[in-house]
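J.: here is a sequence with its predicted model. Questions after.
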Amino acid sequence: MTNLTKTFCNKLHASHASMVDDKYSISLHDSIRDIEKNWTILAEGKDIFFCTDFLSCLEDFPASGIKPYYGLIKDSDETVGILYFQSKYVRLRENLRAPENETKSTLSKISAPIKQAMVRLINFQTIVCGNLLLTGKYGFYFKPTISRDEQFYIVIKAAQKLNEHLRHEGTSPGLMLIKDFFSVDIPVSGEYHKGFTKFKVQPKMILELKPEWKTFDDYLSDMKSKYRVRARKALQKASEITRKVFSSDQIAEHRATIHALYKNVSDQADFNAFVLHEHYFENLQIALGKIWCLLPIGKMIKWWLFSPV
């Protein structure tokens, strides 16, 4: 997956910018409920993470320091595009974590206090087009009649408009991030997207299913021998573990355990931009679907969300 980032100090240029500006209007909103009807016109039947129930959950139970904003793009009175932004103040001292059990050289030990002092000074406000909680293209969706170049131009214009609004409110964003999309989706023409820095993140994490995989055993049989042996051993050890679907009330009852398991994973990351709200998971279950929990002899060891697509 690819991301684009740039500072707001660079001006945008486009040969047909005035034409695009005259054709489309941009309105920004700070609550999905204010634009739910117009948003659903484009989002309904698309991706579940664009649905208003999910976005309302994020809005009502936000991750630490994240404020959402929504954009509607109209051609006359017709909604032709939707935008999802997040405003986030990044404090590197809080977001960076030193790996546990890391072997440090003498030079590293000497330079560590200097690095820590520098990290404490690096704080900045960011406008993100996309969702920091997810990997995927959840920043904007347009009708197919809008060209990819025009889409990026409109997104950047909307981000500038949001930047001006936040400055008026006393916040000074210095960075814009557009995430995540495949390299083939980057505009190939137009000058307005120039000045961005492109960088790639983790693999897409999409498993392509082969037609011959009719059952899970078919999938196991297609593995290399050593991985197949490991998988079968893991399945054998898990034979005593029970799987249970939790209701929102049960998630609330086990809220502390579920949040602690989430933190156990997130705290191991070298960089983490946020901490999820303690009540997020029970409300996520209401918005999206089922949360499965693994309980060996009554003790929860793992949970995951399952949602229809």
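T.: Received, thanks.
J.: from here on, contacts and neighbour counts on C-alpha atoms
T.: Fine.
J.: hey, which helix or strand in the protein has the poorest pLDDT?
T.: Between all helices and strands in the chain, the lowest mean by mean pLDDT, DSSP states H and E belongs to helix 106-121, at a mean of 51.
J.: after that one, which helix or strand is next? Please name it.
T.: strand 123-129 (DSSP states H and E).
J.: quick one: average confidence on that following strand?
T.: The average pLDDT for strand 123-129 rounds to 83.
J.: next SSE downstream of that strand?
T.: Defined by DSSP H and E, the subsequent element after strand 123-129 is strand 140-142.
J.: can you give me the offset of that following strand from its chain's centre?
T.: The chain centroid and the centroid of strand 140-142 are separated by 15 Å, computed with Cα atoms, centre = their mean, to the nearest Å.
J.: and for stretch 246-254?
T.: 25 Å.
J.: in it, which residues are buried?
T.: 246, 247, 248, 251, 252 (16 or more other Cα atoms under 10 Å).
J.: check stretch 258-267 too.
T.: Neighbour-count burial for stretch 258-267 [16+ other Cα under 10 Å]: 258, 259, 262, 266.
J.: cool, stretch 70-86 as well?
T.: Applying 16+ other Cα under 10 Å to stretch 70-86 flags 70-74, 79-86 as buried.
J.: tell me what angle the helix or strand hosting residue 71 forms with strand 123-129.
T.: For residue 71, the host element (DSSP H and E) is strand 66-75. Interaxial angle, strand 66-75 versus strand 123-129 (axes from the mean of the first three to the mean of the last three Cα atoms, to 10 degrees): 40 degrees.
J.: ok, then the element right after strand 66-75?
T.: strand 78-91.
J.: now that following strand - C-alpha only, CSV.
T.: Coordinates of the C-alpha atoms in strand 78-91 are reproduced here as CSV (Å, rounded to 0.1, in the frame of the first residue of the first chain):
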residue,chain,number,x,y,z
GLU,A,78,-25.9,15.9,-6.9
THR,A,79,-23.5,14.2,-4.4
VAL,A,80,-20.6,12.8,-6.5
GLY,A,81,-18.0,12.3,-3.8
ILE,A,82,-17.4,11.7,0.0
LEU,A,83,-14.3,12.4,2.0
TYR,A,84,-13.1,11.2,5.4
PHE,A,85,-10.5,13.1,7.3
GLN,A,86,-8.9,12.7,10.7
SER,A,87,-7.1,15.5,12.6
LYS,A,88,-4.4,14.2,14.9
TYR,A,89,-1.8,15.9,17.0
VAL,A,90,1.3,13.7,17.0
ARG,A,91,3.6,13.7,20.0
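J.: list the helices and strands it packs on?
T.: helix 36-43, strand 66-75, strand 123-129, strand 140-142 (3 or more Cα pairs under 8 Å, 6 or more residues apart in numbering; DSSP states H and E).
J.: could I get these as TSV with distance to residue 185?
T.: Listed next are the helices and strands packed on strand 78-91 as TSV, based on distance: least, Cα to Cα, whole Å:
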stretch	distance to residue 185
helix 36-43	20
strand 66-75	20
strand 123-129	15
strand 140-142	13
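J.: please identify which of those is closest to residue 199.
T.: Closest approach to residue 199 among the helices and strands packed on strand 78-91 is made by strand 123-129 (14.6 Å; Cα to Cα).
J.: what ranges in the stretch 1-150 of the chain fall below the confidence cut-off?
T.: 1-20, 91-124 (pLDDT under 70).
J.: go again with 90.
T.: 1-23, 44-48, 64-65, 76-77, 88-126, 133-137, 147-150 (pLDDT under 90).
J.: what's around residue 144, how many residues?
T.: Counted with other Cα atoms under 10 Å, the neighbours of residue 144 add up to 9.
J.: got phi/psi on it?
T.: Residue 144 adopts backbone torsions of phi -60, psi -20, taken as degrees, to the nearest 10.
J.: pull the contacting residues for it.
T.: Applying Cα atoms under 8 Å, 6 or more residues apart in numbering to residue 144 gives no contacts.
J.: please tell me how far it sits from residue 242.
T.: Separation of residue 144 from residue 242 (Cα to Cα, to the nearest Å): 46 Å.
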